[in-house]
Structures are given as structure tokens and as C-alpha cells.
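A.B. asks: I'd like to go over a predicted model; first the sequence, then the structure.
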Amino acid sequence: DTGVSQNPRHKITKRGQNVTFRCDPISEHNRLYWYRQTLGQGPEFLTYFQNEAQLEKSRLLSDRFSAERPKGSFSTLEIQRTEQGDSAMYLCASSQSQQGSGAFFGQGTRLTVV
Amino acid sequence: AQSVAQPEDQVNVAEGNPLTVKCTYSVSGNPYLFWYVQYPNRGLQFLLKYITGDNLVKGSYGFEAEFNKSQTSFHLKKPSALVSDSALYFCAPLRGGNNRLAFGKGNQVVVIP
């Protein structure tokens, strides 16, 4: 296992289109996180899964955003009706569930909405 | 709630000189503190963490950090900076029971050849 994998690495889409990103976590990690990072800022938490259950969602996650982790393994993040303000790097991370376990991040998916 | 402050937006250091990136924290309870590094257009890479035990924590790429409870600090250090250390550095506490990291803006480190 080489770490957290995210696809695609880059996505350019027209405003109003839907996009979907995929994250494959480290296989023995049962926690999975999505973050968003805009230029000059640190990553902002979006949502978190424990196995297949989505246990927390940030207020940043508008109704146009939805995330799933159907079998407790890979996860998808979908953005509907994209807006220019959605342009950002979307980062996925995974961790073990012991308190104090650090998260390991993927390379991210850079979304540009034109 | 746990939060951190990284007081300097950018740290400039000459290659070969010691590098320090500062982080102070405010906590309720015992802090779990992490350092991550981010190279341009890349994800974050874990450097080191403090959970409990020895105050001096050694991490990847020759970095270390010292947890100082009296000064509520967790500064990142490297004895001799390399040009390849130029990157964005984040100090982050764990927040809540879900192991969620709470990031600030980070510090840009520029190592000058």
C-alpha cells in the first residue's frame, strides 16, 4: 500500500457542471476525511467518515456537496452545479481510529471552475 | 477547544543555517500536536507529532520539535536548512474525538541558497 490515492489530480470544468472526485485511503485506516484548501489558506475540514458512516459535516459543506463511502473503503466527493468559488484543492486523508493517530493525506485534486 | 498560532507568515533562512518555525497553542486538556509540510501543488506530508512522553520529538527529514508546556509552544526545528526544505509548514492540533486536524494558514519557509 503506497498511501492515500486521489483521482483525478486535476479537473477543469465549466460552471454549472457536476464533478466527482475519488479517494482511496490506506487500507487499514477506518477513518476518512475530506478537506478543502484555497490559495494562501490552510486546509479546511469538510467531512469525516468512520467506516461507511458519515459522522460529521462542516457548515462549509453546502447542499451542492455530497460525500459517500459506501463500503467503508474508497470515498467519493461530488459537487453539483459547480461555481467559480468551488475552485480549490480538495484533499483526502485517512487515519486509524485510536485517539492521537495522525492523518495521512493524498496528493489532492485541484479543481478549476471556468 | 484547541487552536494554534503560527506568528510569522514567512520565514527566510540561509542554506546551512538553523531553521525554526514557531507554533504556540491554546488548549483545554492535554494537547495532541502535529507538524505537516506541504510542497507546491502537493498534499500534506506528516513530519512529527506530540502525544505524550518525551518533550523532544524527532521526525522525518531531520526535523524535530520540542513541546514546552510552560510556554505553550511546539516549535519545529532543523539544525541545518536545505533549499529543498522550502515549503509551507502547518502546526495543527487534533480537535474533538474524531481525530480531526485544525489547520491555520501555516508558515511559508524560504531557504536561500
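C.D. replies: Received it, and whenever you're ready, just let me know what you need. Only a predicted model underlies this, so the values are computations on that prediction, with no experimental measurement involved. Residues are numbered from 1 along each chain as shown, chains lettered A, B, ... in the order given.
A.B. asks: On the strand side of things, show who residue 75 bridges to.
C.D. replies: No chain specified, so I'll use chain A. Beta bridges link A:S75 to A:C23 when assigned by DSSP bridges.
A.B. asks: switch to chain B, that's the one I care about
C.D. replies: B:E66.
A.B. asks: Determine the longest strand present in chain B.
C.D. replies: strand B:87-95 (DSSP state E).
A.B. asks: List of residues touching the helix or strand just after that strand?
C.D. replies: Once the chain leaves strand B:87-95, the next helix or strand it forms, by DSSP states H and E, is strand B:100-101. Around strand B:100-101, the neighbours that count as contacts under C-beta atoms under 8 Å, 6 or more residues apart in numbering or on different chains are A:33, A:43, A:45, A:48, A:56, A:93, A:103, B:34, B:36, B:92-95. Where you see a C-beta, it was placed from the backbone N, CA and C, and this is true even at glycine.
A.B. asks: Max pairwise distance over these: which two?
C.D. replies: Farthest apart among the contacts of strand B:100-101 by C-beta to C-beta are A:E56 and B:Y36. That separation is 20.4 Å.
A.B. asks: related to what we said a few turns ago, how about the longest strand of chain B, does it reach chain A?
C.D. replies: Yes: applying C-beta under 8 Å from any C-beta of the partner chain, one finds strand B:87-95 touching chain A at B:90, B:92, B:94.
A.B. asks: circling back to that earlier point, filter the contacts of strand B:100-101 to the buried ones?
C.D. replies: Buried subset of the contacts of strand B:100-101 (neighbour count, 16 or more other C-beta atoms under 10 Å in any protein chain shown): A:33, A:43, A:45, A:48, A:56, A:93, A:103, B:34, B:36, B:92-94.
A.B. asks: Out of those residues, which one has the lowest pLDDT?
C.D. replies: Least confident of the buried ones among the contacts of strand B:100-101 in the model: B:L94, at 83.
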